[in-house]
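Asker: Quick one, what's the 3D model for this:
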Amino acid sequence: MRLSSVGRFLLVAIVSLLCLMPVWYYFAPQLAKPVFFMAGETATMTFQWAQSYDTKESVGVLNTALKVVSVQNGQYRSGKLAPMVDYRLWGYGIVIFWALVIASMPKGWGTKLLIGSLAMLPIQAINVGLQWCNDVFNRAGPEVLAQTRAPEWIADAVAFFYHFNLFIFTALAPVMLWLWLDRAFLAKLHAQARAAAAVHRGTV
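Answerer: Next up, the predicted model:
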């Protein structure tokens, strides 16, 4: 693998990402359905206060039994907390995976593209679950946290994993998945580096 092939890989990956992003955005409501299904079913089975979930296009709403009070026009109004997540804000990792596979074109790339896409769905469901949990345990306030009967360390742990996922894992997960499915690419890159180092030593 020549040194210039790395540049070509990066160029194809960036162009593929730009071209695929509108396609993913258009089909986001369909891609979001299994993600919200996994996240919603897990939430309702795990937490007693999680009653049900609804989806509308690319938005998923978790319906809870947790009471919230707000002030509107000087009047107090009560209701039930219903955190929502827009898949279009969290699901872009699958597009990164597609772009990397297209750029590297591994052997059996079609099968790996399908396997990786399916593997990304539960990862994205975790993203949704973390967003819902952070809204409940942290953003909704101490009154709501008290209703969940969860200790404060749970809220701290949720906040940590939420921010780790937001700033690191959402973009890192598709890269790690691609490297696992295309280990030959790393082997070629390593062989190229060794060959370049040998040539450099020979010219010194």
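Asker: Helix, strand or coil: sort out Tyr76 for me.
Answerer: strand (DSSP: H, G, I helix; E, B strand; the rest coil).
Asker: Report how many residues lie close to it.
Answerer: 8 (other C-beta atoms under 10 Å). Yep, even glycine has a C-beta here, placed from its N, CA and C like the rest.
Asker: and if you look at Ala13?
Answerer: 19.
Asker: Which helix or strand lies directly C-terminal to the stretch of helix or strand it belongs to?
Answerer: Using DSSP states H and E, the element containing Ala13 is helix 3-46. Later in the chain than helix 3-46, the nearest helix or strand by DSSP H and E is strand 50-56.
Asker: Need phi/psi at Ser58.
Answerer: Dihedral angles of Ser58 (phi, psi; degrees, to the nearest 10) stand at phi -100, psi 10.
Asker: What residues does it make contact with?
Answerer: Ser58 makes contact with Ala28, Pro29, Ala32, Asp86, Tyr87, Arg88, according to C-beta atoms under 8 Å, 6 or more residues apart in numbering.
Asker: surely the fifth one meets Pro34?
Answerer: No: with contact defined as C-beta atoms under 8 Å, Tyr87 and Pro34 do not form a contacting pair (10.6 Å).
Asker: Settle it for me: which of these two has more neighbours?
Answerer: More crowded of Tyr87 and Pro34, by other C-beta under 10 Å: Tyr87, with 22 against 14.
Asker: Just the local confidence number for Ser4, please.
Answerer: In the prediction, the pLDDT value recorded for Ser4 is 63.
Asker: can you check Arg201 too?
Answerer: Note on Arg201: pLDDT of 67.
Asker: now do Arg183
Answerer: Listed pLDDT for Arg183 reads 87.
Asker: Tell me where the model's unsure across the chain.
Answerer: Judged by pLDDT under 70, the chain has its weakly predicted residues at 1-4, 74, 193, 195-204.
Asker: at 90 instead, please
Answerer: 1-9, 69-78, 90, 106, 183-204 (pLDDT under 90).
Asker: Would you list the strands that the helix or strand hosting Val85 pairs with, along with their directions?
Answerer: Following DSSP H and E, one finds Val85 within strand 84-86. According to DSSP bridges, strand 84-86 forms sheet pairs with strand 59-64 (antiparallel).
Asker: Phe68 - how many residues pack around it?
Answerer: No Phe there; residue 68 is Val. 16.
Asker: For my notes, confirm it occurs in a strand.
Answerer: Yes: counting by three-state DSSP, Val68 is found in a strand.
Asker: for it, what are its contacts?
Answerer: Val68 neighbours (C-beta under 8 Å, 6+ apart): Ser78, Gly79, Lys80, Leu81, Ala140, Gly141, Glu143, Val144.
Asker: hang on, the earlier thing: from the contacts of Ser58, list just the buried residues.
Answerer: Buried subset of the contacts of Ser58 (neighbour count, 16 or more other C-beta atoms under 10 Å): Ala28, Ala32, Tyr87, Arg88.
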